[in-house]
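> sequence and predicted structure are below.
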Amino acid sequence: MHEKKKSPFSPRFTTASLALIPAAIGINFVGKLVVSLLKLPLWMDSIGTILASMLAGPWIGAIAGAVNNVIYGFQDPISIPYALTSVAMGVTVGVMAHYGWTKSFWRVIVLALVMCVISTIVSVPINIIFWEGMTGNVWGDAAYGIILAKTHSVLLASTIDSLIIGIPDSIASVIIAWGLFKALPKNLLQLYKTNTDVEEF
């Protein structure tokens, strides 16, 4: 008789998992700071959320991402609605990590692309409500202007705007988080349950 696989949504609110939340927020802040200092056209503010999701599952990743946006919201209130995007990212990565999508580089790339699509679906309506569909990224907003002029579709222009920045940002963020994940000592990884009960396929 085979042991029933645990659900990726099984609660994992251990001391080690909860300690990941402030650590993830700190990593997110560092990523955002580095991008700001280097003036890169990326966000890179979700690395910690992604790492927490890989380690401790969707609940911890979602909480870390949401809290992160609420904290940013004290300086910039418009960050708060994007907590929904961070939650979506945390849940996506946590579920995919549970099912083995962190086991090789190419699976990680697929994970990043799926995360990008889902976060775009969540973000575009927020962008339309608050920013007429724009993201504030110079590359994406340039494409937004061109697409809007040709199609007069705010939804299409906003989606392309989000994807132009979202795809490279998601791939870079996930690869960095995965690199940190792979670099952690095995005895530390044993504190978390997400990838000890992974389903193989």
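In hand now; what should we look at? Numbers count the residues shown, from 1 in each chain.
> buried stuff in the longest helix anywhere in the chain?
Using DSSP state H to define each element, the chain has its longest helix at helix 154-183. For helix 154-183, the neighbour count (16 or more other CB atoms under 10 Å) marks 154, 156-166, 168-178, 180-181 as buried. Quick note: C-beta positions are derived from backbone N, CA and C, even for glycine.
> after it, next one along is what?
Sequence-wise, the next helix or strand downstream of helix 154-183 (DSSP states H and E) is helix 186-189.
> got the CA positions of that next one in CSV?
Taking Å, rounded to 0.1, in the frame of the first residue of the first chain, the C-alpha atoms of helix 186-189 are listed here in CSV:
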residue,chain,number,x,y,z
LYS,A,186,21.1,19.5,3.7
ASN,A,187,20.6,19.6,7.4
LEU,A,188,19.0,23.0,7.1
LEU,A,189,16.7,21.8,4.3
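> avg pLDDT for it?
For helix 186-189, mean pLDDT is 85.
> what residues does the residue lying closest to residue 34 once chain neighbours are set aside make contact with?
The shortest distance from residue 34 to any non-neighbouring residue, by CB to CB, 6 or more residues apart in numbering, is to residue 44 (6.8 Å). Residue 44 sits next to 31-32, 34-35, 169, 172-173, 176 when contact means CB atoms under 8 Å, 6 or more residues apart in numbering.
> looking at these, which is nearest residue 96?
Within those, distances to residue 96 taken as CB to CB reach their minimum at residue 173, with 14.2 Å.
> so the closest one makes contact with residue 53?
No: counting by CB atoms under 8 Å, residue 173 stays clear of residue 53, with 11.5 Å between them.
> which elements pack onto the longest helix of the chain?
Here helix 154-183 touches helix 15-38, helix 47-56, helix 105-131, helix 138-151, going by 3 or more CB pairs under 8 Å, 6 or more residues apart in numbering; DSSP states H and E.
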